[in-house]
Structures are given as C-alpha cells and as structure tokens.
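In: turn this into a structure:
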Amino acid sequence: MSGSSDQIIHALAQHSQTDSPRHTINLLFAHCDDLQTDQILSHLRAARYAPRGLNVSQLDDLQNALSTRSWDLLVIAWKPDYQQGLTPESAVERLHHLDRDLPVLLLLPGAELPDPTHWLGSGIRAVIPAANTELLLLLLGREFEALNTRRELLKAQMHLHQLTEHNQHLVQHSSLAICFVHNGLILYANDSFAHLFGYEQGTRLQDHSLRQLIQPQHHDDLDLMLHESLRNGTTIQRTLGAQRPDTTRFDSLFSMHPTEYRHQHCLSIEVVPDADCAEQVFRDINPISGLSNEHAFMHALETACQNAHRGGQDRSLLLLSLDHLDVIRSEVGADGVELILRTLATTLKEQISQAHLLGHLDNNCFAVLMHNANPDTAVETGDRLCHAISRHTCQVRSTSIHTTVSIGVVMINDSTPSNQEVLQRALMTANSLHSGNRPGNGVSLYQAEKTLLASIDTKMSRRLLNALKLNRFRLLFQPVVPLRLDTQTQYYEVLLRLISDSERALSPNAFIAQTIEPDVLIELDRWVIETALERLSEVFAAGRRVHLLLNLSGASLRNSDLLQWLADTLRQSQIPAEYLIFQISESDAAVNLMQARTFTHTLQQMNCKVCLKHFGSSPNSGHVRHELDTEFIKLDGSYIQDLENRNISVDTLQDMLQPLHQQHKLIIAPLVEKSRVIGDLYTAGIHLIQGYYLQQPREKMDYDFFNDGQ
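Out: This is a model prediction of the structure:
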C-alpha cells in the first residue's frame, strides 16, 4: 500500500480508537427562512454533529420551547422590522430574566461584517454574516463547546461539593488521627487526633499551634517538612517525637501533603503511632524498585496538576515504558524481569536529581515528575535517560539482556486535565514510538492531534480514492428488525468501513469530512451500491430474499448522472429494484427540496424504495416528508437517546409520529442500545428497530430474524 494511504489510515486510527459519536446539538431558530435553517442543519451534520432545530417567532414561543427541553443555541436572523416582538435584544433580556444560559447568535445579511460592538454589548455572543458559512460553523461549534464546558463545570462544582461534604464526614469519623494545618495553626482536627494527643475533642485544638504538640528537639524537622510539602506539592513522611499536655511523650510517623479545607489551601497531616510506623512507611514504596509506587506517585501527580492550575508551578512528566517487555519475560522469566527493573531503578536514581520524584507504576513503567516547565529540558532529560539505559547490559544468569525504553513527555500547566488523563497521554505518546516500523528507544513530546488532522483533511479526497483503488474498504451489515410489524421480510442496513493497517474498521464518521470533494462522495456511493449488489446476488443464490438499506450522500442526491448509472447497474445485476431501499438525509433533501423530490420520484419509478432518515432534525420535517412521500421514515437518533435519558416522554413521541401512522409510513428507530427503551418504542408505534442491542454491524447477513430468543 502506498505511503500516503498508510499515513491517512494510521492517522485516523490514532485519532479515533473507537468510532466517536456525533454530538447532538439542539438549536432554536428565529426569523430564519426555511432554506437558511436547512442549510445550517445540513452543514452541521456534515461537520459531524447530530443537529435538531425548532423555529420560534415570538417571545412566548421561545419561553414555551425552553420549558419543554434543554436547548443549546438560539440563532436569530436580523430583520429591518421585527413585527412579532422577538428581537435579539428582547431574546437576551428574556433569557436573562429566566436565568437561562443559552448563547444567542445573530445572523446578518450579506457577506460583510459591520461593527458588532453594539450587538456584543447587548449580550449577543456572536455576530456572523449569513453568507460566511465557514465562520458560522466555527462560531457555532465554539459557542456550543463553551456552553458544554460551563455545564460540565456546574456539574463538577455540584459533585465537588457533595464529595467535599462526604470526605469531611469520613475524616470526622476516621479512626486515623488527622488534622488540617495552615501557617502552622490547626484549622481542624478530628476526635481521633485529639484523643491521641490527650484532648477530649477536636474542637479544643482549633487555632492551636502544631509545634506545641511536637517535642522541642524536633521543631526544626517539623518546619522543614511543612516547607518541603508546600513547595514540592508531594507527600512528606518523617518520624517525629510528639508530646501531650500531661508531659507524656511518644514517637509517631507524620505524613503530610497539600490539600484544601473549606476552600483554604493547607496541609493534611496524618499521625500514626510508633507501633504502626513500619507498615505505614512501606505503604507507598514499590518493593521491587524501592521507588514510589503507583498510589503514592498518582497522589503526587494529582497535587502537581492542582498546583499548576493555580499558575506559576508548571511541571513535566516523563513516562518510561520498557521496550519489548513480553519478549524479555519469555527469555528470562518473571525473576529476570524483576532484576532488570531493579537495575533500571538504580539507573534512574543515578541520572535524576533527588529534587524530582521517581515512581514505579503497576504496569512496570517508570515515571519522573520533574520540577521543570521547559519542554526542551524535559526532552533532553529523556534523551539522556535513553542513552544511559541503552548503554547498560543486564546479566540475568547466563543471558545478557540489552534493554531500551520509550519515553513519553507531557507538560503540566494550567490547561492540564486530570492526573489520570495526563498519565494516559504520556503512555500513548511513549507507545507511539512503536507505531509503523519504529523500534522505540526514543523520546516523544505529547502534542494534541488537531494540527495533524487539519493538514490531512486537505488531502483526504485523493487518499480516499487511493484507498478505494487498493481495496481498503469493506461493507458491514446491521439488521433492521421488526418490532411492531408482522412480516417475514429481512432488512439490513449497508454500512461502509475503511480498514486500517491493524484491521480495525473505521466508520465514515472518522474519515468523511465536510471538505471531501463531491465527486469522491459519489464515487464511494457507487462503489457501495455495486458491492452491495454483488453481496445481494450471493444471498439470492443461497435462496434468501433480503432487502438492503443503502445510504446516499448529498452529493449523489444532486448528481443527475447517478440515476442513469443506477438503472444500468440494476439491469446488469438482474437484482429486482424492489429489494433496494435508498436512505436520504432530511437535511440534504431540505437544502434543495425540488431536486430531492425529482430524484426520489425517479427512484420510485425504477421500483426502488426510499427512506427519509434523520427525520425530526429539521423544523421543516413535516414539509420535507410531504414533498418526498417516501415509504420508510427513520427517526433521528437523538430521539432514541432522549427517550433513554427521559428527556422526552412516550406521549410526546406518539404525537410526533401520529401523522406518519395516518399516512401508513414504516417507521424505523436507529441506535437502540438498551433493552429498556424497546417497550417505549413499541408503545409509540415504531415498526422497525436497529442498533447494537440487537446486533453490531457484521460482514455476514446472519441475524436470526425469526428466533424469539434473539
């Protein structure tokens, strides 16, 4: 396979370890004409969103819509004369009155953007020339992402409050002696701490100096511990002599680490009497290497991330993954691997200053948490470690083992996610040194993949055609199963997949972007149709009769030559056209409804059937359905998700589907992934269902439609 195809498939495989779902986005439109609305929805769907829209024309309509469900954006088209009371200013004022966080975007006519200061000052989030589609999509996506961030932050704050209260309850009733200290004074001490130091209850120690509980000869050690823990953001452990008011003395292990108490930065201190000290000391040490174990290291990494978020305390993380560990284990066994790990730990201690924290993780990786904010310095340190380790040969009995490591470097700053995500990024970066034919034994700095994928998109059309020539595409089939339909007919939807070098199937969501040339989409559609007809011929030869649902892109819908090509192809295949059901997206059809109607009518004249998919995503769904008059209607997947999440009721869905039942349409519900929603779909009058709950897409059409146990 050519290098360019290898590159695109590998990049996509790295980008999407699982097929990423489309993000449902719910939009309110005010004063937008039907064409404008449908074009926006079509562009959003092409940009891998799952959009749903609703038109509102008055303030009461807006308030009623807000009371029925959660909405993400309000798009208002500018008019010289608003006659129905819903102006951009009144919309912002009403949202402010309702205390609703709903971004308002204003569309101005034409392609030029006048001075937006007035609009932005009134609370409008973005002012966009209606003719600038790229800017519109960019700002829609940005505002949607910002809204979701605010929503997630609100949830996190509520969750944090609950966890804080729960943790305080656990500390209060813990048998372990715990106190919180700020500037040497005790902010809080639990009763176990108070009893250990000879007091009746913890409240007696509030605002008490911690030094008064420590024997005088250990005051300097205590001050040093407090200073180091605050400066390094790590857990410090040391045995100190303690004293009680009755002059009795005892030795204890003091463990302290930075934390927060009642929104105040402080140190959490745990005290374990001398009898239990030995067990406590080894709790945080890996017994093989003598370095901090994963529990202790992840706690220190979490503290480092928290400190970095406050600004001015950036760090770097180096993760060292031993190359070819499975091969080494097969040669020298588990005991030999332990010897190698101890040797690597010794090398790390020799190469890394004690100012930095060394860790030995559970997956036999090593980690270094560096007090360094310079990525170049971190990479240079990684290079030095690689060279030092690669020069060393470990002798295991009579076998000489030459070891190397792959090192992933991640910077920790005020944009850093959780400690688990930071570690995962470092591991992924280290593993990337083995991609393709790379042997490892190197250093790589983690960088987000957006830049790589953006550059790939410009060449995607050519590379997809190349992948098509090299037979890198496959067809999968997912059953569409009768739910409330008495029929012996078998239906399957045909799904296109791009096969990666690791034989992983990538869905079109991962590789078809908005920038793909229409001719390429048409070529892919033709390949799908031809290949599906070949598979259908094989099924027919085995004596089975199967109906296939085939997806058509918007580009094919606008291509006048496709219909003649399809007629010729059907004639050559000798497959009856009635066994083909072509699926057309509602948003694609709505953009040019007259053309879509002609296209659909011609398909039906050829005796093919048509399914209108993504139904209900557009405010003009009823009009599109009436104009196309298709035999099948497939709901937009967001309705099934809303039903599962109880965001809509069965009664609401029934009311929506009532006109379809009156017109005797066959209604399909996609994305059925849980059993609990099936009863609701049956009650709502859904005829056919499909989804992972029934069967994942497969290369064979092997679903047992008539087994009651399925």
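
In: shouldn't residue 85 be in contact with residue 62?
Out: No: counting by CB atoms under 8 Å, residue 85 sits too far from residue 62 to count as a contact (9.8 Å). Heads up, the C-betas are built off the backbone N, CA and C, glycines and all.

In: and those two? Which one has more around it.
Out: residue 62 (24 against 13; other CB atoms under 10 Å).

In: residues contacting the more buried one?
Out: Contact analysis of residue 62 by CB atoms under 8 Å, 6 or more residues apart in numbering lists 28, 30, 56, 74, 86, 91, 94.

In: please redo it, this time with the cut-off set to 10 Å
Out: Counting by CB atoms under 10 Å, 6 or more residues apart in numbering, residue 62 touches 28, 30, 56, 71, 74, 85-86, 90-91, 94-95, 98, 100, 102.

In: flag every buried residue along the longest helix along the chain.
Out: Using DSSP state H, we find that the single longest helix of the chain is helix 133-172. By neighbour count with 16 or more other CB atoms under 10 Å, helix 133-172 contains the buried residues 136-137, 139-141, 143-144, 147, 171.

In: can you put the residues you listed in JSON lines and add pLDDT and distance to residue 440?
Out: JSON lines is the format used below for those (pLDDT from 0 to 100; distance: CB to CB, whole Å):
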{"residue": "136", "pLDDT": "91", "distance to residue 440": "45"}
{"residue": "137", "pLDDT": "91", "distance to residue 440": "40"}
{"residue": "139", "pLDDT": "94", "distance to residue 440": "43"}
{"residue": "140", "pLDDT": "94", "distance to residue 440": "42"}
{"residue": "141", "pLDDT": "92", "distance to residue 440": "37"}
{"residue": "143", "pLDDT": "95", "distance to residue 440": "43"}
{"residue": "144", "pLDDT": "95", "distance to residue 440": "40"}
{"residue": "147", "pLDDT": "94", "distance to residue 440": "42"}
{"residue": "171", "pLDDT": "93", "distance to residue 440": "45"}
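
In: let me know the closest of those to residue 571.
Out: Closest approach between the buried residues of helix 133-172 and residue 571, by CB to CB: residue 137, at 41.3 Å.

In: that closest one contacts residue 42, doesn't it?
Out: No: Residue 137 is beyond contact range of residue 42, at 11.0 Å (criterion: CB atoms under 10 Å).

In: quick revisit: out of the contacts of residue 62, flag the one nearest to residue 495.
Out: Out of the contacts of residue 62, the member with the shortest distance to residue 495 (by CB to CB) is residue 71, at 31.0 Å.

In: any idea how many residues pack against the closest one?
Out: 21.

In: which ones are touching it?
Out: Residue 71 neighbours (CB under 10 Å, 6+ apart): 25-28, 52-54, 56, 62, 65, 100, 102-103, 147.

In: helices and strands of the chain: which one has the lowest mean pLDDT?
Out: Scoring the helices and strands of the chain by mean pLDDT, DSSP states H and E places helix 450-457 at the bottom, with a mean of 43.

In: mutual contacts of residue 85 and residue 62, please.
Out: residue 91.

In: JSON lines please, covering the contacts of residue 71 and showing secondary structure.
Out: Converted to JSON lines, those look like this (DSSP: H, G, I helix; E, B strand; the rest coil):
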{"residue": "25", "secondary structure": "strand"}
{"residue": "26", "secondary structure": "strand"}
{"residue": "27", "secondary structure": "strand"}
{"residue": "28", "secondary structure": "strand"}
{"residue": "52", "secondary structure": "strand"}
{"residue": "53", "secondary structure": "strand"}
{"residue": "54", "secondary structure": "strand"}
{"residue": "56", "secondary structure": "strand"}
{"residue": "62", "secondary structure": "helix"}
{"residue": "65", "secondary structure": "helix"}
{"residue": "100", "secondary structure": "coil"}
{"residue": "102", "secondary structure": "coil"}
{"residue": "103", "secondary structure": "coil"}
{"residue": "147", "secondary structure": "helix"}
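
In: narrow those to those that are buried.
Out: 25-28, 52-54, 56, 62, 65, 102-103, 147.

In: in the stretch 601-710 of the chain, where is pLDDT below threshold?
Out: Low-confidence segments of the stretch 601-710 of the chain, defined by pLDDT under 70: 707-710.

In: circling back to that earlier point, save the buried ones among the contacts of residue 71 as TSV, and put in distance to residue 224 too.
Out: Listed next are the buried ones among the contacts of residue 71 as TSV, based on distance: CB to CB, whole Å:
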residue	distance to residue 224
25	55
26	57
27	59
28	61
52	61
53	63
54	64
56	65
62	63
65	62
102	54
103	52
147	48
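
In: nearest to residue 362, of the residues you listed?
Out: Closest to residue 362, out of all of the buried ones among the contacts of residue 71 and judged by CB to CB, is residue 147, at 38.1 Å.

In: returning to what we had before: which element follows the longest helix of the chain toward the C-terminus?
Out: As assigned by DSSP states H and E, the chain's next helix or strand after helix 133-172 is strand 177-182.

In: report the buried residues of the next helix-or-strand element following that next one.
Out: Using DSSP H and E, the helix or strand that follows strand 177-182 towards the C-terminus is strand 185-189. Neighbour-count burial for strand 185-189 flags 186-189 (criterion: 16+ other CB under 10 Å).

In: out of the residues you listed, what pair is the most spread apart?
Out: Going by CB to CB, the pair spanning these furthest: 187 and 189, at 8.4 Å.

In: overlap in contacts, the two.
Out: With CB under 10 Å, 6+ apart as the test, residue 187 and residue 189 both reach 179-181, 205-206, 208.

In: isn't residue 517 right next to residue 465, touching?
Out: Yes: counting by CB under 10 Å, residue 517 does reach residue 465; the two are 9.2 Å apart.

In: with just CA atoms, put stretch 139-155 into CSV.
Out: The C-alpha trace of stretch 139-155 is given here as CSV (Å, rounded to 0.1, in the frame of the first residue of the first chain):
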residue,chain,number,x,y,z
LEU,A,139,-18.6,30.1,15.9
LEU,A,140,-21.5,27.7,16.3
GLY,A,141,-19.0,25.0,17.3
ARG,A,142,-17.1,27.3,19.6
GLU,A,143,-20.2,28.6,21.4
PHE,A,144,-21.5,25.0,21.7
GLU,A,145,-18.2,23.8,23.2
ALA,A,146,-18.1,26.7,25.6
LEU,A,147,-21.7,26.1,26.7
ASN,A,148,-20.9,22.4,27.3
THR,A,149,-17.8,23.4,29.3
ARG,A,150,-19.9,25.7,31.5
ARG,A,151,-22.5,22.9,32.0
GLU,A,152,-19.8,20.4,32.9
LEU,A,153,-18.2,22.9,35.3
LEU,A,154,-21.5,23.4,37.0
LYS,A,155,-22.0,19.7,37.4
